[in-house]
Each structure stands twice: as C-alpha cells, then as structure tokens.
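Colleague: Only the shape, not the letters, is given here:
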C-alpha cells in the first residue's frame, strides 16, 4: 500500500466516525464510500481512485470532504514537481 492509500484509509476512518448531516439535495442518508475523483488542470486530467467521500444512499449525490480535495491538490503539485513541469508554464 502506498502513502496515498494510507492517507485515504485514515481519512475514511475519520469520516466514518463523523455523523454527517442529511443530504442537502434530498434529505437522504450520507454514507462513506470510495469514489474515483478526477480534476482537469491545464489540459491534463488527474484521476484519484479510492478517494473517500460521502454518497447519498437515496439520490446518489456525492460530497467530497475538503481534506480529500486538499490531498488531490497536493498530489497534483507533487506530480508536476516530479516531472519538472509547472502547469502554469505549459500554456501554449
């Protein structure tokens, strides 16, 4: 298991310990599930698998906690540093 999976496992446990508000769309029950999260940044698609999020069991609405979004941003930043390319410099 890599470092990111460990972080998400910890986040998933933290989320499960919280009692979420009812879904603001339909009032249904929110449950922690893993989802595939993607983000498009300057013509590059970043995909994060097994990200924990709250999913409404009634309407299917997905609520991604801020901690997960912050992790995605960190991963994108690390990826661009490893490749030696700054996303902002790739403008054509």
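Modeller: Yep, it's here. For clarity, every value in this text was computed on a predicted model and none was experimentally measured.

Colleague: Residue ranges in the protein under the pLDDT threshold?
Modeller: 1-6, 83-92 (pLDDT under 70).

Colleague: please redo it, this time with the cut-off set to 50
Modeller: 1-2, 87, 89-92 (pLDDT under 50).

Colleague: Helices of that one, residue ranges please.
Modeller: 3-17, 66-83 (DSSP state H).

Colleague: got those as a markdown table, with distance to residue 41 and mean neighbour count columns?
Modeller: To be clear about C-beta, it is placed using only N, CA and C from the backbone, and glycine gets the same treatment. Below are the helices of the chain laid out as a markdown table (distance: least, C-beta to C-beta, whole Å; neighbours: other C-beta atoms under 10 Å):
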| stretch | distance to residue 41 | mean neighbour count |
| --- | --- | --- |
| helix 3-17 | 17 | 14 |
| helix 66-83 | 6 | 14 |
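
Colleague: So which of these is nearest residue 24?
Modeller: helix 66-83 (15.7 Å; C-beta to C-beta).

Colleague: what inclination does that closest one have with respect to helix 3-17?
Modeller: Orientation check (axes from the mean of the first three to the mean of the last three C-alpha atoms, to 10 degrees): helix 66-83 against helix 3-17 gives 170 degrees.

Colleague: which residues touch helix 66-83?
Modeller: Identification of contacts with helix 66-83 by C-beta atoms under 8 Å, 6 or more residues apart in numbering yields 4, 7-8, 11, 14, 37, 39, 41, 46, 48, 51-53, 86-87.

Colleague: Right, I'll call it a day here.
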